[in-house]
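Asks: Generate a structure from the sequence data that follows.
(one chain, ligands or ions: 1)
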Amino acid sequence: MSTRKKIALIGAGNIGGELAALCARKELGDIVLFDIPAKSDFAKGKALDLEQNSSVIGYDAKITGTSDWKDCAGADVVIVTAGIPRKPGQSRDDLVATNLPIIRSVAAGVKEHCPDAFVIVISNPLDAMVYELKRATGLPRERVVGMAGVLDSARFQLFLAREANVSIKDVRAMVLGGHGDDMVPVLSATTINGVAATELIAREKLDAIIARTRTGGGEIVKLMGTSAYYAPASAAVAMAEAFLLDQKRLLPSAVYLDGEYGYKDLFMGVPVIIGGRGVEKILEIKLTDDEKAMLAKSAKSVQGITDVVKNTPAA
Ligand code: A3D
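Replies: Reported below is the predicted structural model:
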């Protein structure tokens, strides 16, 4: 038996495939690519393709495709992309009816076979789906997170870098709140190598960038007919890597709030430290009054869709 770490990817679609490719190239562990029985062969085919790629690229990782939860048993990390993505014209919240039963079935599998894993949820509507996964598995809040803030911040950082004509490497920004159109780009924490972005970019340009960030996912759905997958996968792998390598990274992540920022029994994006024990710390940073008001608006939307989930009985 391998002593390498084990990473179970639940959903072998667009994001699942890219997750597998990235985890393999980074040699983060052995990879299980899981999908529903109707797509078992598809998952096996993708896994085989990626294993053959190891011989060209040169990485050691065993990659298995399956529809049997037993193959996921004992995973150190579980990343959940099971569910349908948006089509043009749809909001993330439109996906809840289809994705809620899917998340509930995934939660049952995680609870039975991967009870010690660090679980990262990507399926939309993100904040409500990660809420349900935690509720249904009963896992501690240190080990269940939602990926959205790293991706939303990446989009914000790209647009800022292009506008200021500087390297993407020097732009640091943070997007908090729910993964919806009222997410909160925190300008007070946005710098270009320590210089406040507000010093280098005019206010009206910043407003346009914030607006584009908020609809950044929809812009891609409109262009491609389905949702983004390269950057979402990279963002989740950054979180998985922080856990597996105990990096103690400060990453905006959707976590279960129990009074932090004044919110309770809600998953929403806030800055956290991710290390070998999972979510090691939730940071309560100072926000301006404007940012607090935007966070309250975002929390209200997240609460609405979370209430739908809470009030939907199991089928
Ligand atoms: P897609 O390529 O359709 O893959 C999803 C896979 O999930 C398919 O292969 C399905 O067969 C599989 N699946 C369905 N039900 C189950 C189940 N019960 N168990 C295991 N697998 C199942 O979609 P995608 O990979 O492009 O997107 C996946 C999800 O991520 C969607 O809900 C997207 O909306 C969401 N997404 C979130 C972000 C965030 O930033 C949070 C970004 C992009 C996409």
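Asks: Spatially nearest residue to the one residue in the stretch 1-150 of the chain that gets nearest to the ligand (excluding sequence neighbours)?
Replies: Here the stretch 1-150 of the chain gets closest to the ligand at one residue, Gly13, 1.8 Å apart by C-beta to the nearest ligand atom. Where you see a C-beta, it was placed from the backbone N, CA and C, and this is true even at glycine. Leaving aside its sequence neighbours, Gly13 sits nearest to Thr81 (C-beta to C-beta, 6 or more residues apart in numbering; 6.4 Å).
Asks: can you give me the helices for the stretch 1-150 of the chain?
Replies: In the stretch 1-150 of the chain, the segments counted as helices under DSSP state H, counting those that start in this stretch are 14-25, 40-57, 96-113, 126-137, 149-164.
Asks: Any figure for the gap between the residue nearest to Gly13 and Tyr59?
Replies: Thr81 sits 21 Å away from Tyr59, going by C-beta to C-beta, to the nearest Å.
Asks: With Ala75 instead?
Replies: Computed as C-beta to C-beta, the Ala75 to Tyr59 distance reads 19 Å.
Asks: More neighbours: which of these two?
Replies: Counted by other C-beta atoms under 10 Å, Ala75 and Tyr59 do not tie: Ala75 has more neighbours, with 27 against 18.
Asks: OK, contacts around the more buried one?
Replies: 6-8, 32, 113-114, 117 (C-beta atoms under 8 Å, 6 or more residues apart in numbering).
Asks: Which of those residues fall in strands?
Replies: Taking DSSP state E as the definition of strands, the contacts of Ala75 contribute 6-8, 32.
Asks: Would you list the phi and psi of the residue nearest the centre of the chain?
Replies: Centroid check for the chain by C-alpha atoms, centre = their mean gives Met147 as the closest residue, at 1.7 Å. The phi/psi pair for Met147 (degrees, to the nearest 10) reads phi -90, psi 120.
Asks: helices or strands next to the biggest helix by length in the chain in the packing?
Replies: Taking DSSP state H as the criterion, the chain has its longest helix at helix 289-310. On a contact count with 3 or more C-beta pairs under 8 Å, 6 or more residues apart in numbering; DSSP states H and E, helix 289-310 meets helix 96-113, helix 126-137, strand 184-185, strand 264-275.
Asks: Buried residues in the last one, which are they?
Replies: Meaning strand 264-275. Neighbour counts using 16 or more other C-beta atoms under 10 Å place 266-275 of strand 264-275 among the buried residues.
Asks: Indicate whether it makes contact with the ligand.
Replies: No - using C-beta under 6 Å from any ligand atom, strand 264-275 stays clear of the ligand, with a minimum separation of 10.0 Å.
Asks: so after that strand, what's the next helix or strand?
Replies: The helix or strand immediately downstream of strand 264-275 is strand 278-282, counting by DSSP states H and E.
Asks: how about that following strand: buried residues?
Replies: Buried, per 16+ other C-beta under 10 Å, within strand 278-282: 278-279, 282.
Asks: and which of the contacts of Ala75 is nearest to Leu200?
Replies: Ile7 (39.2 Å; C-beta to C-beta).
Asks: what about that closest one, distance to Thr66?
Replies: From Ile7 to Thr66 the distance is 13 Å (C-beta to C-beta).
Asks: between those two, which one's more packed in?
Replies: The neighbour comparison of Ile7 against Thr66 (other C-beta under 10 Å) goes to Ile7, with 28 against 19.
Asks: List the beta-bridge partners for that one.
Replies: Legend: beta-bridge partners of Ile7 under DSSP bridges are Ile31, Val77.
Asks: Now that it has come up, it's in contact with Leu33, right?
Replies: No - using C-beta atoms under 8 Å, Ile7 is not in contact with Leu33, being 9.6 Å away.
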